[in-house]
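In: fold the following and give me the result.
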Amino acid sequence: MSQLYAVLVGINKYTTVMPLNGCINDIKAVEAWLKKSYRKKGAVNIRRLTDAESSVDLIPTKNNIIAAFDLFADAKDDDICLFYYCGHGANLIAPREFAYSDSVLQALVCLDFYGSNPAEPVKGALTDKELGFLIWKTMKDKPDVSFVAITDCCHSGTMTRDVEVFDGLTTAVRGLSTTFISPPLQEYYGFDTGTGYQLKDGKCSVQEGRHIHFAAAQNDEVAREVTPTSGDTHGAFTYAMLSLLDAELGLLSYEQLAGGIKGKIQNYFFNGSGPVQTPAITPSYNLPVLVKDNIFLSNKSAGQERTYVVQYSKQYGWCIKAGQLQNLSVGDEVTVDTDNDEPLSFTVRETYPDFSVIAAAAELGPLGGLFRGKVTGQLKNTCKFFFDGNIPSDLQRQIWNGQYKNAQGSEAVNFTGVELVTTGGYRPGQDFALSISNDNIILTGPGAQLTLAPTTNPSPDQVIALLEDLNTVASWNLLLHFDNQAATVAKPYQLHLQYSTDIDAGGYIMTAGQTNGSLNPITYLSNGSTEPTFKLGITNTGPEPLHITFAYLSADYGIETNGFYMLDVQPGETKWMRFKDSDEINLSNTSAETVNEYLKICIAAIPGGIPLDNLYQAAADTRSIGSAKPALPPPGTYWGTETIGFNIQPK
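Out: Numbers count the residues shown, from 1 in each chain. Below you'll find the model as predicted:
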């Protein structure tokens, strides 16, 4: 059973720079979440360093933080190592040996930081190069251990310490506005060991250990603290992260978590206005991009695991937080992990857009409990992928075994929304086909044509990556066709579509258009570097408020949700869809072929609407598939969808 080793660092009471308020709160909350989450998975080993500790060895000076990495020495195969830092970040002018690639370095500001004279090298700063050396030293002899570094601090040289108020939240920036001078290379931790640092022709590089770095903000953004009108101060990143993990029992991938944190910070803390803070996930070069799809602090893929929260509803009984949007249907099987040794199996009794009712009763114990439920077996509603006749039988067998056998060779279904088909029935333009072209496996379907894997002796990892791609495509296709087949009442809304159909000297002419919700694309013209645009308005013609959510389905099978704001439209009111602070949406096609892309609109008289944010996924070569949060609609409440297609010609 895997174990977790965690070094947690939080610094509030800086003495030489502006103090902070929420870092120790963050670290204590992270520690509590780790202990709660790992109580069944295995042991959790934590070393906490804050400026409130009584032991001198646990005060977060630079030397003590370095020494704390000794905790990771006991990590063994399949264990997870976590370094979590909350405090100030700073920019340092790099030594000349690093200046060829990085003129400015980032650094963690330790408690013993001293840099009163900007013309002299600082003390007490742990640079990104030194942190990289520490990770390399930890991981160089541990090929089957995972390392995650999380930094809730700023990385930008333009950051300030201004305090602002957004909708009752006091916010402050975790970063220093001054750019300091780095110590000379010879004083960097580990340089004197003769290993890890590679110096040649006056240029220095640091060997990189396998790790994932999860940063609270991009290099040109700031990481903020928030203080709700009632509550303790926390880092906006850590606060949002823990609230999302609590809601989903930790069952989110790094990619899903980053998208959810960004949306929560922007839409909830700052109400769709104010500063942007975009979490950044960076795997080391020696890790596959797919690692971003792993469940947070886990070695398992979120797309393959298909595990969701199971909880009790007074209205419906026991529910799993997965529904029609996750391809569940009545009769599917759900296995629930309980506090007992043996998991329990139940069948799905009813499905709704984002949750399902399961046939469970007293077996799950107290009604306030939260459990993990896994969808098992082949789903009834699958996306079919047809093998073309030019794929050799042995290659078909490799792909087939990757989908339908586990690591021990026993029968299993690894990606439950994917169905491989070897017989006829393929419908061009509607179904998906796998064929061979130029020694590569090619996917052809309603979206773009994709190159998935080589045809010559693909490795097991390449086969799994191919199946991950197919799973991504299946999720895209599911959302494209998602609708309320049971809706019988008249639509309580009107759509107002304006789109560019012609070009004059002043640019595109916006023309009113109609849509009946079909998948027939509207053709958009292209004119050199000018991109066509469209606007979408929605009028509520019914008696109840409507809550409207959006998702954009790109031709490369990505699903974009994070830039959209949910619309709350009162009876008689008209509102326009907004994406990234604009109500005009540009359409771009940089390929040589015409592509079809789609806007999915979910319209519901359900408070909170039909949540799509956790369905975000990157394109089919950087996968991420998620689970939506449940909204429990009263029986008979209206909900439906519209799908607008765009046939975008190349420039």
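In: in a helix, Ala68, correct?
Out: Yes: looking at Ala68 with DSSP: H, G, I helix; E, B strand; the rest coil, it is inside a helix.
In: for it, which non-adjacent residue is spatially closest?
Out: Val7 (4.6 Å; C-beta to C-beta, 6 or more residues apart in numbering). Placement of C-beta: from N, CA and C, glycine included.
In: so for the one you found, what's the pLDDT?
Out: Looking at Val7, its pLDDT is 98.
In: next up, the contacts around it.
Out: Neighbouring residues of Val7 by C-beta atoms under 8 Å, 6 or more residues apart in numbering: 46-47, 49, 65, 68-69, 71-72, 82-84.
In: so which strand or helix has it?
Out: Taking DSSP states H and E as the criterion, Val7 maps to strand 4-10.
In: partners of that strand in the sheet?
Out: strand 44-50 (parallel), strand 80-86 (parallel) (DSSP bridges).
In: between the contacts of Val7, which is closest to Trp476?
Out: Nearest to Trp476 out of those is Leu82 (C-beta to C-beta; 32.4 Å).
In: ok, that closest one touching Leu4?
Out: Yes: counting by C-beta atoms under 8 Å, Leu82 does reach Leu4; the two are 6.5 Å apart.
In: quick check: neighbours shared by those two?
Out: 34, 297.
In: which residues touch the closest residue to Glu97 other than its chain neighbours?
Out: Nearest residue to Glu97, sequence neighbours excluded (C-beta to C-beta, 6+ apart): Cys204, at 3.8 Å. Applying C-beta under 8 Å, 6+ apart, we find Cys204 in contact with 95, 97-98, 185, 197-198.
In: ok, now with 10 Å
Out: With contacts defined as C-beta atoms under 10 Å, 6 or more residues apart in numbering, Cys204 is in contact with 94-101, 129, 185, 188, 191, 197-198.
In: which of these fall within strands?
Out: Mapping the contacts of Cys204 onto strands (DSSP state E) picks out 197-198.
In: ok, so of the contacts of Cys204, who is nearest Val421?
Out: Ser101 (49.4 Å).
In: count the neighbours of Gln649 for me.
Out: 15 (other C-beta atoms under 10 Å).
In: the residue nearest to Asp51 when sequence neighbours are not counted: neighbour count?
Out: Spatial nearest neighbour of Asp51, excluding adjacent residues (C-beta to C-beta, 6+ apart): Lys13 at 4.7 Å. Lys13 is flanked by 13 other residues according to other C-beta under 10 Å.
In: Thr50 touches Gly22, doesn't it?
Out: No: here Thr50 lies out of contact with Gly22, judged by C-beta atoms under 10 Å, at a distance of 11.9 Å.
In: overlap in contacts, those two.
Out: 10, 12, 86.
In: now those as a markdown table including neighbour count?
Out: Converted to a markdown table, the shared contacts of Thr50 and Gly22 look like this (neighbours: other C-beta atoms under 10 Å):
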| residue | neighbour count |
| --- | --- |
| Gly10 | 29 |
| Asn12 | 20 |
| Cys86 | 33 |
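In: nearest to Pro458, of those residues?
Out: Closest to Pro458, out of all of the shared contacts of Thr50 and Gly22 and judged by C-beta to C-beta, is Cys86, at 42.8 Å.
In: hmm, Asp51 and that closest one touching each other?
Out: No: with contact defined as C-beta under 10 Å, Cys86 does not reach Asp51; the gap is 11.4 Å.
In: next, show the common contact partners of the two.
Out: Contacts common to Cys86 and Asp51, judged by C-beta under 10 Å, 6+ apart, are 10-12, 23-24, 60.
In: include pLDDT when you put these into JSON lines, please.
Out: JSON lines is the format used below for the shared contacts of Cys86 and Asp51 (pLDDT from 0 to 100):
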{"residue": "Gly10", "pLDDT": "96"}
{"residue": "Ile11", "pLDDT": "96"}
{"residue": "Asn12", "pLDDT": "94"}
{"residue": "Cys23", "pLDDT": "94"}
{"residue": "Ile24", "pLDDT": "95"}
{"residue": "Pro60", "pLDDT": "97"}
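In: could you export the residues you listed as a markdown table, including distance to Leu480?
Out: Output for the shared contacts of Cys86 and Asp51, formatted as a markdown table (distance: C-beta to C-beta, whole Å):
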| residue | distance to Leu480 |
| --- | --- |
| Gly10 | 45 |
| Ile11 | 48 |
| Asn12 | 49 |
| Cys23 | 44 |
| Ile24 | 47 |
| Pro60 | 50 |
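In: all strands for the stretch 101-250 of the chain, in order.
Out: 104-114, 123-127, 146-152, 164-166, 169-173, 179-181, 197-200, 203-206, 212-215, 224-227, 234-235 (DSSP state E, counting those that start in this stretch).
In: so which of those is the most surrounded?
Out: strand 234-235 (a mean of 26; mean count of other C-beta atoms under 10 Å).
In: who does it touch, helix- and strand-wise?
Out: helix 23-37, strand 224-227, helix 236-247 (3 or more C-beta pairs under 10 Å, 6 or more residues apart in numbering; DSSP states H and E).
In: tell me the mean pLDDT for that strand?
Out: Mean predicted confidence for strand 234-235 is 87.
In: same check, this time on stretch 322-334
Out: 82.
In: same question for stretch 590-603.
Out: 82.
In: flag every buried residue along it.
Out: For stretch 590-603, burial by neighbour count (16 or more other C-beta atoms under 10 Å) applies to 595-603.
In: what's the answer for stretch 638-651, then?
Out: For stretch 638-651, by 16+ other C-beta under 10 Å, it's 638-646, 648.
In: quick check: phi and psi on Asn471?
Out: Per-residue torsions, Asn471: phi -60, psi -40 (degrees, to the nearest 10).
In: begin at 76 from now on, thanks
Out: Got it, first residue is 76 now, which makes that one Asn546.
In: quick check, pLDDT for it.
Out: For Asn546, pLDDT reads 85.
In: what do you get for Phe430?
Out: Reported pLDDT for Phe430: 82.
In: so it sits against Gln390, correct?
Out: No: the pair Phe430 / Gln390 is not scored as a contact, 11.1 Å apart, by C-beta under 10 Å.
In: more neighbours: which of those two?
Out: Phe430 (30 against 10).
In: now that one: phi and psi?
Out: phi -160, psi 160.
In: quick one, the strand holding Val82 and helix 98-112 angle?
Out: 160 degrees (axes from the mean of the first three to the mean of the last three C-alpha atoms, to 10 degrees).
In: just to revisit the earlier point, need the strands of the stretch 176-325 of the chain in a markdown table (columns: distance to Ala487).
Out: Conversion of the strands of the stretch 176-325 of the chain to a markdown table gives the following (distance: least, C-beta to C-beta, whole Å):
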| stretch | distance to Ala487 |
| --- | --- |
| strand 179-189 | 44 |
| strand 198-202 | 45 |
| strand 221-227 | 24 |
| strand 239-241 | 49 |
| strand 244-248 | 47 |
| strand 254-256 | 54 |
| strand 272-275 | 44 |
| strand 278-281 | 42 |
| strand 287-290 | 27 |
| strand 299-302 | 44 |
| strand 309-310 | 41 |
